[in-house]
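Chemist: okay, sequence plus prediction incoming.
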Amino acid sequence: MTKQYVVTADIGTQGTKTALIDEEGCVAASAFHPSRLIRRPGGQVEQDPDEMLASVVHGIRDMLRQSSISPGSIAAIGLDGQMAGILGIDKEWQAVTPYDSWLDRRCEAYMPEMKAWGEDAIIRLTGCPVTYAHGPKVLWWKSEHPDVYKRIAKFVVPSAYVAGKLAGLTADRAFIDYTHLHFAGFADTASLRWSDTLLDAFSVDRERMPDIVSPWDRIGGLTANFARETGVPAGTPIVAGCGDTAAATLGAGIVSPGQLFDVAGTASVLSCCVDVYAPDVPNRMLLYARSVLPGLWTPLAYINGGGQCLAWFRDQFGGPGTTFDDLNRLAEEVAAGCNGLLFIPHFGGSVCPNDPDIRGSWLGLDWSHGAGAMYRAIMEAIAYEYCRYKQTLSELAGGTRYTKVRAVGGGARSAFFNAVKADALGIPYETLRVSDTALLAGAAIAGYGVGLHADLAGTAARFAVPDAEFRPDAGRHEQYRAQAGRYRIALDGMSKLYGNLK
């Protein structure tokens, strides 16, 4: 039989990755197109939806030109994308708003309204605390731009927007897959439906909410126009796809309760796989997300721009030509704990839990601290945040035993960073042979949707091939436990300090 392939695209913050992946999970070709973030005053961060679409189209075209495979062997197209932001489309599936990014903070003014209504109830229904996600963003567009709001037929996420454009859909067929529901603001996530209670409470029209679907559901086929632009045959099935974190998690082989997963990217994300829905009402820290796999959940928490702090330090203090490897070597020369130096990585405010009064800083600087200590302190701060997340996971998930953390993303390429986090958590870290696990998941999901694979969980586990392992050092783990406690005290103090200055 002729080998079959899936075209998959990951629409990320920094850019769009596309790949051609065969039935065994091998990448035959890939491409990358950088994104353009549009920053405006007042914390606004946007992207042009049609630039997102173009990045996928051009990526597929460029990728296929690299390969020698027959376009007729392409069985399906699968997408994933950024999760906490939204955009509005009209009846003809034309964008009437920019993509309101997950990095965009303008909706903050509408968060108190949602919290005052009853944040505990919102968490129980959606699985997510009130944060910079779809709910407050919808309210911002509704209140600040009512003329634009009237033109919005549906609110959609990036993966759905691009998939719908490729398939030539109109708004009556708009969809959102269920891995986005915890961010959607008005969903009953456990029941896989929109919550009339929440929609009515905030006077949001049900008709502007898209249909809820499974990630592998076929939403249409590639149009003739986009077939000409990409080189993929017209009519090729397109599946709904999922959120980028959900895809990265599945593609890393996180398919059983107790497995931990670290996405060391622009956002620093730690998640775990569990089989019970137990939203984090007490702490308002964890976002209780659905796994792609039915019956499983992947509660997670993240630092908004955690990985960006490392790039910011390199760009601001590294000097021309300085690389992350250069800074890692400096950091390795510094003892664990950085002689008491602490870093706070929340440049845009804390998201998990939401607290805009917590901002970035170093605490405890003295004359001994140089660039290596300051850089290492950033890495250790991310590890301390992960310790907070793991403690909360343990409280909610009861006796779940954590045996290993699988790490992907740009930060996972640093052996030193992996070792720091393994030491802090006291759990072995493992990297994977293919780090772009979202693309692997896209291939597994789309292949499952068209019958290439009979077992989605088994396929994802098979695609995720381990590479290197980093075992924790018991002595450093004890050092980090103490420093992580000081870190938590510092966060509490900063919140009180800046809250009192308002």
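Modeler: Cool, got the structure.
Chemist: can you tell me how far L452 is from V6?
Modeler: 7 Å (CB to CB, to the nearest Å). All C-beta atoms are positioned from the backbone trio N, CA, C, and that covers glycine.
Chemist: neighbours of D62, how many?
Modeler: Around D62 sit 17 other residues, with neighbours defined as other CB atoms under 10 Å.
Chemist: export the one helix or strand it maps to as PDB, just CAs?
Modeler: Per DSSP states H and E, D62 falls inside helix 49-66. Coordinates of the C-alpha atoms in helix 49-66 are reproduced here as PDB (Å, rounded to 0.1, in the frame of the first residue of the first chain):
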ATOM      1  CA  PRO A  49      -6.200  36.900  11.300                       C
ATOM      2  CA  ASP A  50      -5.500  36.800   7.600                       C
ATOM      3  CA  GLU A  51      -1.700  36.900   8.300                       C
ATOM      4  CA  MET A  52      -2.400  33.800  10.400                       C
ATOM      5  CA  LEU A  53      -4.200  32.200   7.500                       C
ATOM      6  CA  ALA A  54      -1.400  33.200   5.000                       C
ATOM      7  CA  SER A  55       1.200  31.700   7.300                       C
ATOM      8  CA  VAL A  56      -0.500  28.300   7.200                       C
ATOM      9  CA  VAL A  57      -1.100  28.400   3.400                       C
ATOM     10  CA  HIS A  58       2.500  29.500   2.700                       C
ATOM     11  CA  GLY A  59       3.900  27.000   5.100                       C
ATOM     12  CA  ILE A  60       2.000  24.100   3.500                       C
ATOM     13  CA  ARG A  61       3.100  25.200   0.100                       C
ATOM     14  CA  ASP A  62       6.800  25.600   1.000                       C
ATOM     15  CA  MET A  63       6.800  22.400   2.900                       C
ATOM     16  CA  LEU A  64       5.400  20.400   0.000                       C
ATOM     17  CA  ARG A  65       7.900  21.900  -2.400                       C
ATOM     18  CA  GLN A  66      10.700  20.500  -0.100                       C
END
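Chemist: list the buried residues of it.
Modeler: Within helix 49-66, the residues that qualify as buried by neighbour count (16 or more other CB atoms under 10 Å) are 49-50, 52-53, 55-64.
Chemist: what of stretch 189-206?
Modeler: Of the residues in stretch 189-206, those buried by neighbour count under the rule 16+ other CB under 10 Å are 189-190, 194-195, 198-199, 201-202, 204.
Chemist: any weak-confidence spans in the chain?
Modeler: 1, 499-502 (pLDDT under 70).
Chemist: could you list the domains of it?
Modeler: In the assignment given by automatic domain parsing, the structural domains of the chain cover 5-240, 250-502.
Chemist: quick revisit: after the helix holding D62 comes which helix or strand?
Modeler: Counting by DSSP H and E, the element after helix 49-66 in chain order, helix or strand, is strand 74-81.
Chemist: what angle do that following strand and helix 49-66 make?
Modeler: Relative orientation of strand 74-81 with respect to helix 49-66: 140 degrees, computed using axes from the mean of the first three to the mean of the last three CA atoms, to 10 degrees.
Chemist: pull the distance from the helix or strand following strand 74-81 to the chain's centre.
Modeler: Proceeding C-terminally, strand 74-81 gives way to strand 87-89 as the next helix or strand, assigned by DSSP H and E. With CA atoms, centre = their mean, to the nearest Å as the basis, the distance from the averaged C-alpha position of strand 87-89 to the chain average is 20 Å.
Chemist: which elements pack onto whichever helix or strand comes after strand 87-89?
Modeler: Helices and strands here follow DSSP H and E; after strand 87-89, the next one along the chain is strand 99-100. Secondary structure elements in contact with strand 99-100, counted by 3 or more CB pairs under 8 Å, 6 or more residues apart in numbering; DSSP states H and E, are strand 44-47, helix 134-144.
Chemist: the first one pairs with which strands, parallel or anti?
Modeler: To tie it back to what came earlier, the one meant is strand 44-47. strand 38-40 (antiparallel), strand 99-100 (antiparallel) (DSSP bridges).
Chemist: so what touches that strand?
Modeler: With CB atoms under 8 Å, 6 or more residues apart in numbering as the test, strand 44-47 has contacts from 35-40, 98-101, 103-106.
Chemist: from the buried residues of stretch 189-206, which ones fall inside helices?
Modeler: 198-199, 201 (DSSP state H).
Chemist: closest to A464 out of those?
Modeler: For these, the minimum distance to A464 (CB to CB) is 35.9 Å, reached by L198.
Chemist: nearest to G348, out of the helices and strands packed on strand 99-100?
Modeler: Smallest distance to G348 across the helices and strands packed on strand 99-100 (CB to CB): 9.4 Å, for strand 44-47.
Chemist: determine how far the closest one lies from the middle of the whole chain.
Modeler: Using CA atoms, centre = their mean, the distance from the centre of strand 44-47 to the centre of the chain it belongs to is 17 Å.
Chemist: for stretch 480-496, same thing?
Modeler: Here stretch 480-496 shows a centroid-to-chain-centroid distance of 25 Å under the convention CA atoms, centre = their mean.
Chemist: hmm, who's touching that stretch?
Modeler: Counting contacts by CB under 8 Å, 6+ apart, the residues outside stretch 480-496 that touch it are 336-337, 342, 344, 350, 355, 357-359, 361, 363, 380-381, 383-384, 387-388, 423-424.
Chemist: whichever of the residues you listed end up buried, select them in ChimeraX.
Modeler: Applying 16+ other CB under 10 Å to those leaves a buried subset, and the ChimeraX line that selects it is:
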select :336,337,342,344,350,355,357,358,359,380,381,383,384,387,388,423,424
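Chemist: in helices, which of the contacts of stretch 480-496 fall?
Modeler: Using DSSP H, the contacts of stretch 480-496 in helices are 380-381, 383-384, 387-388, 423-424.
Chemist: from these, pick the one nearest K115.
Modeler: Using CB to CB, R388 is the member of the ones in helices among the contacts of stretch 480-496 that lies nearest K115, at 21.0 Å.
Chemist: and the closest residue to the closest one other than its chain neighbours, how far is that from S495?
Modeler: With sequence-adjacent residues excluded and distances taken as CB to CB, 6 or more residues apart in numbering, R388 is closest to R488, at 6.6 Å. Counting by CB to CB, the gap between R488 and S495 amounts to 11 Å.
Chemist: between these two, which has more neighbouring residues?
Modeler: Comparing R488 with S495 by other CB under 10 Å, the one with more neighbours is S495, at 17 against 14.
Chemist: tell me the contacts of I11?
Modeler: When the contact criterion is CB under 8 Å, 6+ apart, the partners of I11 are 52, 55-56, 79-82, 158-159, 162, 244.
Chemist: who touches the closest residue to it other than its chain neighbours in this structure?
Modeler: Taking CB to CB, 6+ apart, and ignoring the residues beside it in sequence, I11 has G81 as its nearest neighbour in space, at 3.7 Å. Counting by CB under 8 Å, 6+ apart, G81 makes contact with 10-12, 52, 157-159, 162, 241, 243-244.
Chemist: looking at these, which are in helices?
Modeler: Where these overlap with helices, as defined by DSSP H, the overlap consists of 52, 158-159, 162, 244.
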